[in-house]
Each structure stands twice: as structure tokens, then as C-alpha cells.
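S.K.: sequence and predicted structure below; questions after.
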Amino acid sequence: MRFQGQKGVPVSALSARDVNVVYSGRGGRSVTALSNVSLTIESAEFVVAVGASGCGKTTLLKLLAGFLPPSSGTISLGGKPVTGPGGERGVVFQDDALFPWLSVRGNIEFGPRLAGLDTAVRRERCGRIIDLVGLAEFADHRIWELSGGMRQRVGMARALANEPEILLMDEPLGALDALTREKMQELLIRLWDRTQRSVFLITHSVEEAIFLATRIVVLSPRPGRITREFHTDFSRRVLAGESSRSIKSDPAFIALRERVLAAVLKGADA
Ligand SMILES: Nc1ncnc2c1ncn2[C@@H]1O[C@H](COP(=O)(O)OP(=O)(O)OP(=O)(O)O)[C@@H](O)[C@H]1O
């Protein structure tokens with residue numbers, strides 16, 4: 001499938017630099033959700049953020065998406081300031097609001113249709129994406145006829161249909177049962193590999209983070225900040241054909257899981 005990031009053409013780096021976010025809370029009390037956070041998601045990286053509840057993960061994603069301006073600091077894409085949402089950044093949430101009155105294809109074609117893309121180009125592009133997420137047989141089904149895992153595939157396909165440079169995902173697999181979740185993790189790795197998009201993903205599962213990421217960032221609360229980073233490449237083994245079970249039970253995987261977990265718990269206690 002043709003995407004801007006393929007054949008060695010780098011997609012733009014998305015950066016947060018010295019970012020602070022202060023929310024005004026109830027009774028005049030303010031909450032520092034993020035303090036001096038700097039993070040650059042380089043071309044074709046798969047960055048996963050983990051951390052205790054309330055450490056600012058979603059706030060960071062909203063900044064990168066352009067949904068929320070920082071109180072201070074800058075967000076930039078390819079060196080240009082981000083001042084709002086944009087088609088270069090596709091966003092996927094856990095409970096993505098799909099349009100129940102449209103078919104799978106209708107949902108996926110919605111963005112390109114709104115952007116005024118020529119019908120033939122739109123059909124062709126969305127057909128390829130439907131194949132890529134394994135929904136070809138269900139293209140004409142309504143959303144209410146799909147399982148939870150299939151709906152998440154539609155959410156991802158809908159984001160990909162706008163050909164973003166980077167996918168921003170907030171707990172996309174959080175609501176799925178364990179078996180479906182593992183299958184979707186494998187699909188995410190294949191999507192990342194095939195499309196060469198950069199990905200920024202939030203999860204509460206340390207195991208999921210290690211399985212998916214090329215880089216894990218650990219955030220700690222009060223105030224929210226990045227405390228540790230880990231580089232990992234277990235997803236390469238998925239792409240090489242090794243089974244998820246074999247990878248997740250590898251002593252090297254388990255050892256890293258304990259190190260990342262210790263970093264998360266240390267931050268949560270601080
Ligand atoms: N709109 C808001 N107004 C006031 N405070 C907010 C707002 N949004 C988030 N907060 C606070 O900012 C902090 C960071 O919240 P955020 O949702 O970014 O954390 P999170 O790590 O994504 O949490 P979780 O893992 O529970 O989803 C929390 O203390 C939260 O209560």
C-alpha cells in the first residue's frame with residue numbers, strides 16, 4: 001500500500017518541547033498535568049507512553065493532536081508549530097464514535113469524502129485500507145453488526161484513510177478481551193510496518209507497551225513528567241513470524257517487563 005512514509009521518505013517528526021500544562025481546577029486550585037515535558041517522535045518510530053493514572057498521558061496526546069494548547073512550551077510537526085488539529089495526525093480513542101447509520105466502508109470513506117477526494121481515488125484508497133485491516137468481508141456491514149475488535153479496526157482504518165503521517169492512539173485496545181487484544185496488537189504491528197507511519201500510543205498495560213513499542217516513555221504524576229525511557233524491538237520478532245506467546249514468555253521480555261513496571265511503580269509512589 002502506498003503511503004507517504006514508504007520507500008525511505010521520512011515522515012515529519014512530531015515534537016513537544018519544554019511543555020507545561022496547568023488546568024484550573026475546582027475552587028481556584030490548579031493542577032499541573034504536565035511539567036517540562038520534551039518528547040520527539042521520529043519518523044516511523046512506535047512510541048508507547050505508560051504511567052500511573054493521572055500522570056498526564058491523555059493530556060500529552062491531546063497536545064500532540066492539537067486539541068489542547070500548552071500553557072507554555074511548543075508543539076511542532078516537521079519543525080512547524082502545531083496550532084490545532086490537522087490531517088497529518090490521525091487520532092484513535094478507546095471508545096471511538098463510529099457512525100452507526102453508515103456501513104464499515106461508509107465510516108472509512110467519511111473523512112476522504114469530506115476532504116472532497118475524487119470518488120474513484122477514495123474508493124480505491126479505502127478498499128486497500130479495508131483489506132489491510134482484514135475487514136473486506138464486512139465492508140458493507142453496519143457498525144452494530146460488528147464485534148468490539150472489528151469496531152476498533154474500523155476506527156484505525158478511518159484514521160488511516162486520511163493518510164496521516166502519524167497515528168495518535170489513546171488506549172485503543174483497552175476495552176477488548178485478552179484474546180482479541182493480542183490479535184489486535186499483532187495487527188497494529190503489521191499496520192505500523194506496512195504503512196511506515198509513526199505511532200504514539202497510550203496504554204495501561206506494560207506488557208502491551210513492550211510488545212508494541214520501539215521506545216517506551218514512562219510518565220510519573222504530580223506533576224506529570226517523563227521519568228524513564230526504554231528502547232525495545234520485540235515487534236520485529238512478530239514481523240519475522242514468531243508467535244506472540246513465545247515472545248511474551250521469553251525471559252528477556254519478562255525481565256524488561258519487570259524493569260518497566262518498577263519504573264512505573266516508582267513514579268506512582270513518588
Ligand atoms: N479538563 C481538565 N480540567 C482539570 N483537570 C484536568 C483536566 N483534564 C485532566 N485533568 C487532570 O490532569 C491530570 C492528568 O490527567 P490525564 O487525563 O492527562 O492523565 P492520564 O495519565 O491520561 O490518566 P488516566 O491514565 O487515568 O487516563 C489529572 O490529575 C487530571 O485529573
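M.R.: Here it is on my side, so go on. Numbering: from 1, shown residues only.
S.K.: spell out which residues of the stretch 101-250 of the chain are next to the ligand.
M.R.: G224 (C-beta under 6 Å from any ligand atom). Where you see a C-beta, it was placed from the backbone N, CA and C, and this is true even at glycine.
S.K.: counting neighbours, what do you get for the residue of the stretch 101-250 of the chain found nearest the ligand?
M.R.: Proximity of the stretch 101-250 of the chain to the ligand (C-beta to the nearest ligand atom) peaks at G224, 5.7 Å away. Using other C-beta atoms under 10 Å, G224 is surrounded by 27 other residues.
S.K.: contacting residues for it?
M.R.: Neighbour list for G224: 21, 32-35, 37, 51, 54-57, 59-60 [criterion: C-beta atoms under 8 Å, 6 or more residues apart in numbering].
S.K.: average pLDDT for the host helix or strand of G127?
M.R.: Following DSSP states H and E, one finds G127 within helix 119-132. The average pLDDT for helix 119-132 rounds to 90.
S.K.: okay, now the domains of this structure?
M.R.: If you go by automatic domain parsing, the domain ranges for the chain are 14-88+165-269, 99-163.
S.K.: the helices in the chain, which residues?
M.R.: Ranges of helices in the chain, per DSSP state H, are 57-65, 104-114, 119-132, 148-160, 178-195, 206-212, 234-239, 244-248, 251-269.
S.K.: relative to the whole chain's centre, how far out is the third one?
M.R.: This points to helix 119-132. Put simply, helix 119-132 sits 22 Å off its chain's centre (C-alpha atoms, centre = their mean, to the nearest Å).
S.K.: quick check: phi and psi on D95?
M.R.: D95 adopts backbone torsions of phi -110, psi 70, taken as degrees, to the nearest 10.
S.K.: and for the closest residue to E165 other than its chain neighbours, the neighbour number?
M.R.: The shortest distance from E165 to any non-neighbouring residue, by C-beta to C-beta, 6 or more residues apart in numbering, is to V11 (3.9 Å). By the measure other C-beta under 10 Å, the count of residues near V11 is 24.
S.K.: then the one 4 residues further on?
M.R.: When counting by other C-beta under 10 Å, one arrives at 19 neighbours for S15.
S.K.: try V121
M.R.: When counting by other C-beta under 10 Å, one arrives at 10 neighbours for V121.
S.K.: residues in contact with it?
M.R.: Residues in contact with V121, defined by C-beta under 8 Å, 6+ apart, are P112.
S.K.: got it, and T232?
M.R.: T232 is in contact with 210, 213-216, 256, counting by C-beta under 8 Å, 6+ apart.
S.K.: show me the contacts for P81.
M.R.: Applying C-beta under 8 Å, 6+ apart, the residues near P81 are 74-75.
S.K.: where's it relative to R197, distance?
M.R.: From P81 across to R197, the span is 22 Å (C-beta to C-beta, to the nearest Å).
S.K.: ditto for F234
M.R.: Distance of F234 to R197, computed by C-beta to C-beta: 19 Å.
S.K.: with adjacent residues omitted, what lies nearest to T227?
M.R.: Counting by C-beta to C-beta, 6+ apart, S220 is the residue found nearest to T227 once chain neighbours are left out, at 4.6 Å.
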